[in-house]
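Student: Sequence and predicted structure below; questions after.
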Amino acid sequence: MKYDYNEDVCALKREGVMLVGLCGRSGSGKGYVSALFQKEGIPSVDTDAVYREMTSASDVVSECMVELVERFGTCVINPDNSLNRVAMRSLVFGDDKQALSDLNSITHKHILKKTEEIAEYYFESGYGVVLVDAPLLYESGFDKKCRCVISVTAPEDTIIERIIRRDGISREDAEKRLKTQLSATELLEKADFVIHNDCEKDELINRVRACARELFAIRNREYN
């Protein structure tokens, strides 16, 4: 685990509370690491889950879906007002080089707003540290609201195999997906903490626990 104190992090400070970014490439194991932090008393907001909720079936078309249809057309919305994920993936990973950027610019603002609402709920419930589990933490700009950032990493072959098993896609598609994300090197350089998810469960628990202690120490030192 690496820790570098960074005076330049733009923090979202309230009395006694602290936001911490959690990022990592697809297949790095962020979800599992997040669950381990929960056991240490640090809950998280899963931005992927937030996105799925706002693009799921509903009686009313969400503001996010309205903007997506305006940009990409009616092919991306199902009869139940949910996102047609197959159609969206074909557009985003197709020939339109602007598609992914436009998708992110539309969805990020809605995700960030909802994420802040959920984080506020945790704060009001008495939690002093809350993780923001965001694969696109830097691309979305949410890192600027976090006191520090944790990056979860694993060997390249390991994360590719995880993506293939999890999503049922080919190795070529898995590699193509990873190319749209920040590299492992970039994430490591930007992070304040690094958790290497390349070990047995007990060792990973120890690494998360050590990181949690550091986070609570920062929170107690700076936010009380």
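Tutor: Perfect, thanks for sending it.
Student: Just the helices from the chain, written as ranges.
Tutor: 30-39, 47-54, 63-72, 85-92, 99-124, 137-140, 156-167, 171-179, 184-190, 201-222 (DSSP state H).
Student: Compute the inter-axis angle for the first one and helix 201-222.
Tutor: In other words, helix 30-39. With axes from the mean of the first three to the mean of the last three C-alpha atoms, to 10 degrees defining the directions, helix 30-39 sits at 60 degrees from helix 201-222.
Student: Pick out the residue closest to the middle of the chain.
Tutor: Centroid-nearest residue in the chain: residue 134, 1.1 Å away (criterion: C-alpha atoms, centre = their mean).
Student: Do I have it right that that one meets residue 145?
Tutor: No - applying C-beta atoms under 8 Å as the test, residue 134 and residue 145 come out as separate, 10.7 Å apart. To be clear about C-beta, it is placed using only N, CA and C from the backbone, and glycine gets the same treatment.
Student: quick one: contacts for the residue nearest to the centre of the chain?
Tutor: Residues counted as contacts of residue 134 (C-beta atoms under 8 Å, 6 or more residues apart in numbering) are 21-23, 47, 115, 140, 142.
Student: If we use 7 Å, what do you get?
Tutor: Residue 134 makes contact with 21, 23, 47, 140, 142 under the criterion C-beta atoms under 7 Å, 6 or more residues apart in numbering.
Student: re the thing from before, could you dump the helices of the chain into TSV and include mean neighbour count and mean pLDDT?
Tutor: TSV is the format used below for the helices of the chain (neighbours: other C-beta atoms under 10 Å; pLDDT from 0 to 100):
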stretch	mean neighbour count	mean pLDDT
helix 30-39	18	95
helix 47-54	17	92
helix 63-72	17	96
helix 85-92	15	92
helix 99-124	17	90
helix 137-140	20	87
helix 156-167	15	93
helix 171-179	14	90
helix 184-190	14	92
helix 201-222	15	95
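Student: Could you dump the ones you listed into TSV with distance to residue 150 added?
Tutor: As requested, the helices of the chain are exported to TSV (distance: least, C-beta to C-beta, whole Å):
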stretch	distance to residue 150
helix 30-39	8
helix 47-54	14
helix 63-72	27
helix 85-92	27
helix 99-124	16
helix 137-140	10
helix 156-167	17
helix 171-179	20
helix 184-190	10
helix 201-222	6
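Student: Select, out of those helices, the one closest to residue 130.
Tutor: Among those, helix 99-124 comes nearest to residue 130, with 4.8 Å by C-beta to C-beta.
Student: looking at the chain, which residue lies furthest from center?
Tutor: Computed with C-alpha atoms, centre = their mean, the maximum C-alpha offset from the centroid of the chain is found at residue 79, amounting to 28.6 Å.
Student: Quick check: that residue vs residue 60, distance?
Tutor: Going from residue 79 to residue 60 by C-beta to C-beta, to the nearest Å gives 14 Å.
Student: Contact partners for the nearest residue to residue 24 once chain neighbours are set aside?
Tutor: Closest residue to residue 24 apart from its sequence neighbours, by C-beta to C-beta, 6 or more residues apart in numbering: residue 152 at 3.6 Å. Residue 152 makes contacts with 22, 24, 28-30, 33, 195, 197, as judged by C-beta under 7 Å, 6+ apart.
Student: Can you check the pLDDT for the residue farthest from the centre of the chain?
Tutor: What the model reports as pLDDT for residue 79 is 96.
Student: Need phi/psi at it.
Tutor: Main-chain dihedrals, residue 79, degrees, to the nearest 10: phi -60, psi -30.
Student: gap between it and residue 57?
Tutor: Distance, residue 79 to residue 57, by C-beta to C-beta: 9 Å.
Student: No further questions, thank you.
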